[in-house]
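Novice: Model the following, please.
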Amino acid sequence: MQDVAKAAGVSLGTVSNVLNHPAKVSPVTAQRVREAISRLGFVRNDAARSLASGSNDSVGMVLADIENSLFIDMAHGAQEAARTAGLNLLLANTACDMGLQNDYLDVFDEARVTGVLLAPMEDSTEGIARMRSHGRQIVLLNYAPRPGTCCSVLVNNEHVGYLAARHLIDTGRTRLAYVVAHDDYQPVRDRRRGVRAAVEETGGRVALEEIDSAGLTTAHGHLVGRALAGREPDDLPDGLVVVTDELANGIIHELHTVAGTDVPGRIAIVGCENNRTAGSAAVPLTAVDLPGRAMGQEAMRLLLDEVASGAQHRHATVVLEPELIVRASAPH
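Specialist: Below you'll find the predicted structure:
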């Protein structure tokens with residue numbers, strides 16, 4: 001900055017104002033400083049600024065699975081809100097690895113980001129406590145924290161499962177199966193409760209089977225689909241609620257494309273995410289849509305409110321509602 005000041009013939013304070021408070025400098029002087037910056041190849045040392053202020057103009061966002069469009073939508077929403085507030089958004093993908101998640105939390109902590117948005121798949125109480133003990137505000141997405149821990153933005157995942165099962169019941173399906181894995185994931189557990197609640201409302205008119213898929217990917221869906229295709233016709237459910245859309249797409253491929261089972265005529269299928277792949281399946285997937293973009297926006301709003309409020313801040317939880325999107329795999 002001293003070199004820039006000398007080259008532009010201005011004070012060090014003027015250079016600082018051009019970088020941080022440009023409205024305080026006349027346009028002619030600001031242009032001269034910018035030309036000196038360009039000529040000298042000067043790049044501001046943000047790490048040094050962070051040391052002085054305790055934070056920088058960035059927010060870290062740690063996502064469980066960047067391949068899932070729900071998390072991509074969260075990032076888009078958070079980025080829009082961050083840019084409106086004059087902040088940058090830094091993204092990290094943990095690939096559902098808790099060790100990697102903790103590493104990224106440490107990276108953002110050391111970078112002195114303004115705060116962190118965290119969308120985990122498992123209990124992250126320890127990492128949250130570590131960040132907050134260092135003065136880093138943190139907001140959780142799609143996972144309910146322990147009471148009083150931090151702010152959070154949730155989807156009503158119990159209603160996700162309920163909507164999916166209720167749609168199948170309302171269209172005349174009486175032998176449902178819920179295809180699920182990773183009951184240790186909070187959203188998965190919540191969706192299970194919703195599916196069971198919808199079935200219990202029928203007073204025994206609808207039967208429910210639960211199928212352990214051992215995983216949540218398309219490959220696991222292929223395995224489930226093959227197993228279902230090998231059953232006797234009388235042993236086949238007539239409606240499936242599938243906990244992820246990737247699983248559902250794999251099942252549709254094996255049943256409809258490989259085995260020739262009529263989807264939805266013989267088996268109707270509903271997914272629980274409305275992933276971007278839902279509409280491009282061999283039979284376009286009816287799915288419950290999760291408001292990821294709105295979640296990201298709300299999470300950033302809560303984070304900025306906490307930063308601005310300081311000690312006066314009170315943790316809040318925002319719960320957003322899902323919406324059923326009907327397609328060919330389970331029509332009305």
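Novice: Please make it C-alpha for all contacts and neighbour counts, starting now.
Specialist: Fine.
Novice: For residue 327, which non-adjacent residue is spatially closest?
Specialist: Nearest residue to residue 327, sequence neighbours excluded (Cα to Cα, 6 or more residues apart in numbering): residue 286, at 4.4 Å.
Novice: Can you pull the phi/psi pair for that neighbour?
Specialist: phi -70, psi 130 (degrees, to the nearest 10).
Novice: Which strand or helix spans the residue nearest to the spatial centre of the chain?
Specialist: By Cα atoms, centre = their mean, the mean C-alpha position of the chain lies nearest to residue 71, the distance being 3.1 Å. Using DSSP states H and E, residue 71 sits in helix 69-84.
Novice: What segments of the stretch 101-250 of the chain are helices?
Specialist: 125-133, 157-170, 186-200, 218-229, 245-252 (DSSP state H, counting those that start in this stretch).
Novice: what does the fourth one contact?
Specialist: Going back to what we said before, that points to helix 218-229. Outside helix 218-229, the residues that touch it by Cα atoms under 8 Å, 6 or more residues apart in numbering are 213-214, 236, 246-255, 259, 261.
Novice: what's the angle from that helix to helix 245-252?
Specialist: 40 degrees (axes from the mean of the first three to the mean of the last three Cα atoms, to 10 degrees).
Novice: rewinding a little: using CSV, list the CA coordinates for the helix holding residue 71.
Specialist: Only the C-alpha atoms of helix 69-84 are listed here, as CSV (Å, rounded to 0.1, in the frame of the first residue of the first chain):
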residue,chain,number,x,y,z
SER,A,69,-29.4,-30.5,-5.9
LEU,A,70,-31.0,-29.6,-2.6
PHE,A,71,-27.6,-28.5,-1.3
ILE,A,72,-26.8,-26.8,-4.6
ASP,A,73,-30.1,-24.8,-4.2
MET,A,74,-29.1,-23.9,-0.6
ALA,A,75,-25.8,-22.5,-1.9
HIS,A,76,-27.6,-20.5,-4.6
GLY,A,77,-29.9,-19.0,-2.1
ALA,A,78,-27.1,-18.2,0.4
GLN,A,79,-25.0,-16.7,-2.3
GLU,A,80,-27.8,-14.4,-3.4
ALA,A,81,-28.3,-13.2,0.1
ALA,A,82,-24.5,-12.8,0.7
ARG,A,83,-24.0,-10.7,-2.4
THR,A,84,-26.9,-8.4,-1.4
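Novice: picking that back up, derive a ChimeraX selection command for the buried subset of the contacts of helix 218-229.
Specialist: Buried subset of the contacts of helix 218-229, written as a ChimeraX selection, criterion 16 or more other Cα atoms under 10 Å:
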select :213,236,246,247,248,249,250,251,252,253,254,255,261
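Novice: Specify which member of the contacts of helix 218-229 is nearest to residue 309.
Specialist: residue 246 (40.9 Å; Cα to Cα).
Novice: That closest one against residue 252, yeah?
Specialist: No. Contact between residue 246 and residue 252 fails when scored by Cα atoms under 8 Å: they sit 10.0 Å apart.
Novice: ok, then the element right after the helix or strand of the chain with the lowest mean pLDDT?
Specialist: The helix or strand of the chain with the lowest confidence, counting by mean pLDDT, DSSP states H and E, is helix 46-53 at a mean of 50. Counting by DSSP H and E, the element after helix 46-53 in chain order, helix or strand, is strand 58-63.
Novice: quick one: contacts of that next one?
Specialist: Contacts of strand 58-63 (Cα under 8 Å, 6+ apart): 71, 75, 82, 87-95, 101, 104-105, 108, 113-120.
Novice: Quick check: pLDDT value at the spatially most distant residue from the centre of the chain.
Specialist: Most distant residue from the mean C-alpha position of the chain: residue 9, 49.4 Å away (Cα atoms, centre = their mean). pLDDT recorded at residue 9 is 93.
Novice: I'm done for today, thanks for sticking with me.
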